[in-house]
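Chemist: how would this look folded up:
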Amino acid sequence: MGVLKRKEIIMSLRMKELPSSERPYEKLEIYGAKKLSNSELLAIIIKTGTKEETAITLAQKILKLNKEKDINDLRFLQGMTIEELCEIKGIGKVKAIQIIAACEIARRMSMPIEIQNIKIKNSQDIADLLMNELRYEKREIAKVILLNSKNMIQKIVELSFGGTNFTMLEPKDVLYETIKANSPRIVIVHNHPSRRPNSK
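Modeler: Numbers count the residues shown, from 1 in each chain. Here you go, the predicted model:
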């Protein structure tokens, strides 16, 4: 039996009818999370499918929304809204919220725990620090990074939220945060909804 034919048969079965080695929960328990495909991991978050489709099939439909060059890059999910996910038949509000919550956990896990121990040497350091957080934001956001005299981060402050192509940044807000923290150096950062964060 060809590989494609075998996959078609598996997809037509309900999840409980699949061999235990093909069920995401059992597969993770036996082989570990690293052995699961993106759709299988997402199916575990979704939990259940519909009468017509398994959770894996629904997960595959979600993954097809990825417009990134790297189709295996799951970070596009961070930019999805509840409404966009609910457009997929079989994905209701609860499933959409579960996916978004899982993405937020992943985003927070990727953030440094101790920013005070980070030294900024160049603009790439700033991009590496904030890229995952800002790249899928649908609104423009401005932040100020407060540094000490050795370019060690003291604090990162969110200053403003804007629309899809603008944000209002008041100089007095920047000065207030800078003076309050007694920071000799600052870096102002903002993103673009085009998913290309930029720093100034």
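Chemist: ranges for the strands of the protein?
Modeler: Assigned by DSSP state E, the strands in the chain fall at 141-147, 153-161, 185-190, 198-199.
Chemist: and the ones you listed, which is most packed in?
Modeler: strand 141-147 (a mean of 21; mean count of other Cβ atoms under 10 Å). Every residue, glycine included, has its C-beta placed from N, CA and C.
Chemist: and that one, C-alpha only, in PDB?
Modeler: C-alpha atoms of strand 141-147 as PDB (Å, rounded to 0.1, in the frame of the first residue of the first chain):
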ATOM      1  CA  ILE A 141       3.900  49.300  19.400                       C
ATOM      2  CA  ALA A 142       6.700  51.500  20.700                       C
ATOM      3  CA  LYS A 143       9.000  50.500  23.600                       C
ATOM      4  CA  VAL A 144      12.000  52.200  25.300                       C
ATOM      5  CA  ILE A 145      14.900  50.100  26.500                       C
ATOM      6  CA  LEU A 146      16.600  51.800  29.400                       C
ATOM      7  CA  LEU A 147      20.400  51.000  29.700                       C
END
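Chemist: paired strands for that strand, with orientation please.
Modeler: strand 153-161 (antiparallel), strand 185-190 (antiparallel) (DSSP bridges).
Chemist: which residues sit against that strand?
Modeler: Residues outside strand 141-147 that contact it (Cβ atoms under 8 Å, 6 or more residues apart in numbering): 120, 126, 130, 134, 153-162, 167, 169, 174, 177-178, 181, 183-191.
Chemist: low-confidence ranges in this structure?
Modeler: Filtered on pLDDT under 70, the chain yields the residue ranges 1-21, 69, 111-114, 116, 161-166, 194-200.
Chemist: which residue is nearest the centroid of this protein?
Modeler: What sits nearest the mean C-alpha location of the chain, by Cα atoms, centre = their mean, is residue 78, with 3.2 Å.
Chemist: which ones are touching the closest residue to that residue other than its chain neighbours?
Modeler: In this structure, residue 78 finds its nearest non-sequential neighbour in residue 136, 4.3 Å apart by Cβ to Cβ, 6 or more residues apart in numbering. Going by Cβ under 8 Å, 6+ apart, residue 136 touches 75, 76, 78, 79, 195.
Chemist: from those, which is closest to residue 54?
Modeler: Relative to residue 54, the closest of these is residue 76; by Cβ to Cβ it sits at 22.2 Å.
Chemist: touching, the closest one and residue 68? I think so.
Modeler: Yes: under the criterion of Cβ atoms under 8 Å, residue 76 makes contact with residue 68 at 5.3 Å.
Chemist: who's more crowded, these two?
Modeler: The neighbour count for residue 76 versus residue 68, taken as other Cβ atoms under 10 Å, is higher for residue 76 (19 against 11).
Chemist: contacts only, for that one.
Modeler: 65, 66, 67, 68, 136.
Chemist: mind putting those into a markdown table with distance to residue 146?
Modeler: Below are the contacts of residue 76 laid out as a markdown table (distance: Cβ to Cβ, whole Å):
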| residue | distance to residue 146 |
| --- | --- |
| 65 | 38 |
| 66 | 36 |
| 67 | 35 |
| 68 | 33 |
| 136 | 25 |
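Chemist: fine by me, we can end here.
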